[in-house]
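A.B. asks: I need the structure of the sequence given here:
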Amino acid sequence: MPEGHSVHRIARQFARHFVDAGPVAVSSPQGRFAADARLVDGHAMTQARAVGKQMFLEFDNGLWLRVHLGMYGAWDFAGDITVDDTTASAGGRMGQTNQRGTVVGATGTGERGVSAHARRDTVVGAHEDSVWSIGAPRRTRIRMAESERLEPEITEWPPEPIGQVRARLLTASAVADLRGPTVCEVIDAAAVARVIAALGPDPLVDRGRAAEQRFVDAVRAKSTPIGLLLMDQSVVSGIGNVYRAELLFRARQSPFTPGRLVPEDVVGALWRDWAKLLRIGVETGQMLTMDGLRGEARRRALAHRDDRHWVYHRTGEPCRVCGTPIAMQVAAGRKLYWCPSCQA
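C.D. replies: Below is the predicted model:
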């Protein structure tokens, strides 16, 4: 399932290439979204927002497209679009888990942006660049979910939909196709507010001490193990299986401790660390959770999952700190990884 950094990156693609880009033709090649598509078809997109694992696209008639990718959803972008090293290395997909690695320099060097509400021509991420500056002018296709994969150049415009496309958003120069989402619906502003109100805080949306305290209070009010609370989107937005395991290891915190028994300072530190890792994820396109990597070590970590995590997906391998074999068990239907010694 895409974690929070991926959804923020997808929202930024919409901000760059669809917001203020004129009328958007909205359709449903598959047919399941046809009625809702007609509600926003032909209207201009005015805002793209991500909150945790959910994305909201606003149109000039006051309606919003809400998308939750779930376990298998992904967006395919095509046209005059922007790619970064992660996208180029993975061939352009933005969505699914087990993301391919990033080869630094795959696109050449571009500038980096920082604002989630950056102008459409701002390039956001590590070494992002327009595909028009990579060799001959061309139009390309990328897929975005947990992983990002660049696909072959397109030779006709607009390209024919491939597979079961739930929703297609088309402008004069860019197209986005959505497949396999858990949620895809058009709602009004009041419904958007209700959805967001039910979500826990997102460090890229909810900033400052109040957001941290909201998270701390939610955790310490519950007897549920902290390893499950971090996956509860009503407690904190955007954390999935990878970040859950890595955050708890970085805090040397047992995943089985009830939330109410985790010291307040530890819970606050988890929030601040999540804010840090989320920003790194949005910038690099990878769930890079090991600090202090330089040179070749950082290049390996960006390129290979086995070199970028402390405990995730390392069952039976020696802990990088103490040598104890990493443990795994299924908790609430998801694999939970931890070090029995460091996180005792």
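A.B. asks: Quick check: buried residues in stretch 144-162?
C.D. replies: Buried residues in stretch 144-162, counted by 16 or more other CB atoms under 10 Å: 144-151, 154, 158-159, 161. (Glycine included, C-beta is placed from N, CA and C.)
A.B. asks: count of neighbours near Gly163?
C.D. replies: 10 (other CB atoms under 10 Å).
A.B. asks: Now for the closest residue to it other than its chain neighbours: which residues touch it?
C.D. replies: Nearest residue to Gly163, sequence neighbours excluded (CB to CB, 6 or more residues apart in numbering): Arg179, at 6.0 Å. Residues near Arg179 by CB atoms under 8 Å, 6 or more residues apart in numbering: 73-74, 76, 163-166.
A.B. asks: got a winner among those residues for most neighbours?
C.D. replies: Busiest of the contacts of Arg179 [other CB under 10 Å] is Asp76, holding 26 neighbours.
A.B. asks: follow-up on the earlier one: just give me the closest of the contacts of Arg179 to Asp265.
C.D. replies: Gly73 (36.9 Å; CB to CB).
A.B. asks: circling back: narrow the contacts of Arg179 to those in strands?
C.D. replies: The strands, defined by DSSP state E, take in 74, 76 from the contacts of Arg179.
A.B. asks: Need the contacts of Arg179 in JSON lines (columns: pLDDT and distance to Val67).
C.D. replies: Below are the contacts of Arg179 laid out as JSON lines (pLDDT from 0 to 100; distance: CB to CB, whole Å):
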{"residue": "Gly73", "pLDDT": "93", "distance to Val67": "7"}
{"residue": "Ala74", "pLDDT": "93", "distance to Val67": "11"}
{"residue": "Asp76", "pLDDT": "92", "distance to Val67": "13"}
{"residue": "Gly163", "pLDDT": "90", "distance to Val67": "17"}
{"residue": "Gln164", "pLDDT": "94", "distance to Val67": "15"}
{"residue": "Val165", "pLDDT": "97", "distance to Val67": "13"}
{"residue": "Arg166", "pLDDT": "98", "distance to Val67": "9"}
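A.B. asks: and of the contacts of Arg179, the nearest to Ser173?
C.D. replies: Distances from Ser173 to the contacts of Arg179, taken by CB to CB, are shortest for Asp76, at 15.4 Å.
A.B. asks: beta partners of the residue nearest to Gly163?
C.D. replies: Ala74 (DSSP bridges).
A.B. asks: Please enumerate the strands of this structure.
C.D. replies: According to DSSP E, the chain carries its strands in the segments 23-27, 43-51, 54-59, 63-68, 74-79, 82-83, 129-130, 140-144, 148-151, 167-170, 174-179, 183-188, 327-331, 334-338.
A.B. asks: Would you mind giving those as a markdown table with distance to Thr257 added?
C.D. replies: A markdown table is the format used below for these (distance: least, CB to CB, whole Å):
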| stretch | distance to Thr257 |
| --- | --- |
| strand 23-27 | 47 |
| strand 43-51 | 27 |
| strand 54-59 | 28 |
| strand 63-68 | 29 |
| strand 74-79 | 35 |
| strand 82-83 | 42 |
| strand 129-130 | 45 |
| strand 140-144 | 36 |
| strand 148-151 | 35 |
| strand 167-170 | 42 |
| strand 174-179 | 39 |
| strand 183-188 | 32 |
| strand 327-331 | 13 |
| strand 334-338 | 11 |
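A.B. asks: The ones you listed: which one's closest to Ala275?
C.D. replies: Minimum separation from Ala275 across those (CB to CB) falls at strand 43-51, 14.4 Å.
A.B. asks: Give me the contact list for the closest one.
C.D. replies: 4, 7-8, 10-12, 14-15, 18-24, 26, 55-61, 63, 116, 169, 196, 199, 202, 204-205, 237.
A.B. asks: filter these to the buried ones?
C.D. replies: In the contacts of strand 43-51, the ones that pass as buried (16+ other CB under 10 Å) are 4, 7-8, 10-12, 14-15, 18-19, 21, 24, 26, 55-59, 63, 116, 169, 196, 199, 202, 204-205, 237.
A.B. asks: Tell me which residues are up against stretch 71-78.
C.D. replies: For stretch 71-78, using CB under 8 Å, 6+ apart, the contacting residues are 1-2, 10, 13, 17, 67, 69, 92-96, 139-145, 151, 154, 158-159, 162, 174-182.
A.B. asks: how close does the nearest residue to Pro152 once chain neighbours are set aside get to Pro258?
C.D. replies: Leaving aside its sequence neighbours, Pro152 sits nearest to Arg141 (CB to CB, 6+ apart; 7.0 Å). Taking CB to CB, to the nearest Å as the measure, Arg141 falls 47 Å from Pro258.
A.B. asks: Can you pick out the residue with more neighbours from those two?
C.D. replies: Arg141 (23 against 15).
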